[in-house]
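Q: make a model of this:
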Amino acid sequence: MRYRRLGSSNLKVSELCLGTMMFADQTDASEAASILAAASEQGVNFIDTADVYSKGACETMLGELLAGQRDRWILASKLGNAMSDDPNHRAYSRRWMMRALDDSLRRLKTDHLDIWYLHRDWDDTNWPETLATIDDVMRAGKIHYWAVSNMRGWRIAQLVALCDQMSVPRPSLCQPYYNLLNRVPEVEILPACEAFGLGVVPYSPIARGVLSGKYQPGVQPAAETRAGRLDRRMMQTEWREESLQVAQRLAAHCAEKSCSLVAFAVQWLLANQIVSSVIAGPRTLKQWNDYLPAIHLSWNDDDEQLVDSLVAPGHPSTPGYSDPQYPFYGRRPKTNA
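A: Numbering: from 1, shown residues only. Purely as a prediction, here's the structure:
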């Protein structure tokens with residue numbers, strides 16, 4: 001396993017990060033233990049979870065699995081998404097942040113998080129309150145670094161400026177929805193991260209399975225697949241005819257290159273020098289092992305040019321597409337009603 005510096009921090013993370021979103025959902029404790037053991041043996045030192053994954057059950061399972069080995073892992077979790085119908089059980093009030101952090105630490109059976117993400121942007125946030133709370137929990141030793149996810153470049157710049165004004169440590173990394181079918185983060189998010197010293201840790205590198213090549217254009221997906229189950233986020237993001245067509249073109253290229261499409265898609269991300277690590281979120285041990293060859297896969301100009309010809313830099317595979325997790329705030333229409 002190779003390791004990279006996490007942005008401008010002194011932390012070194014493995015090129016693959018174990019994503020645990022499926023733990024306690026479609027991945028039971030036995031399979032999760034096998035995945036964790038394999039990742040550890042392969043030299044992975046970075047693991048990602050969130051409070052909202054299975055409404056805390058994922059963190060609880062992970063806390064059990066990490067017993068006796070917590071110190072060998074760089075452990076990241078998140079807050080911000082709704083944990084109940086209570087309007088104060090979400091977002092970034094001081095009250096909720098303090099409670100959410102203590103809840104995560106209790107479930108994970110640890111006294112600190114290495115990285116704590118703000119999981120999404122909330123446009124009505126009083127950011128000085130949020131940053132002051134982050135500063136307090138960092139000083140208390142409950143978190144070592146903080147980070148952002150699903151935020152646009154201008155928001156990252158705003159938060160960095162506020163941190164500097166308030167003498168609060170800047171965010172250390174950003175977790176964007178970024179893969180070769182969605183290159184929109186290349187426009188502002190990734191340049192902002194590079195300019196302000198944030199590491200970049202993309203999620204959904206294989207577009208929730210589209211970049212495995214198992215889905216055929218114009219063919220009904222199998223019922224047991226994520227697409228067959230009409231997964232909400234997949235329907236919002238990757239399930240687009242243009243993406244299925246690109247995946248098949250790339251699958252043919254990978255056959256000539258003697259590699260899997262999964263490895264190719266992950267290596268495309270790792271070939272970007274701005275990227276620190278890539279989140280691989282398996283449901284099974286087999287899926288986890290499918291990610292590993294990406295680490296050793298070569299990358300050349302022909303590979304780069306092929307991807308550019310299929311999905312233009314800075315664009316998604318579908319013209320006009322935008323992810324609803326990244327809302328636009330640039331128009332606030334005035335009505336005469």
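Q: C-alpha from now on. contacts and neighbour counts both.
A: Noted.
Q: what ranges do the helices span in the protein?
A: Ranges of helices in the chain, per DSSP state H, are 29-41, 57-65, 94-108, 127-139, 153-166, 189-196, 232-236, 241-257, 261-270, 285-291, 301-310.
Q: now do the first one against helix 57-65, angle only.
A: Same thing as helix 29-41. Comparing the axes of helix 29-41 and helix 57-65 via axes from the mean of the first three to the mean of the last three C-alpha atoms, to 10 degrees yields an angle of 60 degrees.
Q: now swap in the fourth one and tell me
A: Direction vectors for helix 127-139 and helix 57-65, defined by the same axes, to 10 degrees, enclose an angle of 10 degrees.
Q: give me the contacts around helix 127-139.
A: For helix 127-139, contacts defined as C-alpha atoms under 8 Å, 6 or more residues apart in numbering pick out 92-94, 97-98, 143-146, 159, 162-163, 168-169.
Q: follow-up on the earlier one: right, and the helices of the chain - which one's nearest residue 3?
A: helix 261-270 (11.3 Å; C-alpha to C-alpha).
Q: related to what we said a few turns ago, which of the contacts of helix 127-139 has the most neighbours?
A: Highest neighbour count within the contacts of helix 127-139, by other C-alpha atoms under 10 Å: residue 92, with 27 neighbours.
Q: quick one: the spatially closest residue to residue 207 that is not a sequence neighbour from residue 187, how far?
A: Take residue 207 and drop its neighbours on the chain: the residue closest to it by C-alpha to C-alpha, 6 or more residues apart in numbering is residue 238, 5.8 Å away. Going from residue 238 to residue 187 by C-alpha to C-alpha, to the nearest Å gives 19 Å.
Q: also residue 265?
A: Counting by C-alpha to C-alpha, the gap from residue 265 to residue 187 is 19 Å.
Q: between those two, which is the more surrounded one?
A: Shown here are residue 265 and residue 187; by other C-alpha under 10 Å, residue 265 has more neighbours (23 against 14).
Q: how near is that one to residue 159?
A: 31 Å.
Q: how about residue 119?
A: Taken as C-alpha to C-alpha, the span from residue 119 to residue 159 is 14 Å.
Q: same deal with residue 25?
A: Residue 25 is 33 Å from residue 159, by C-alpha to C-alpha.
Q: so who does residue 248 touch?
A: Counting by C-alpha under 8 Å, 6+ apart, residue 248 has contacts 213, 216.
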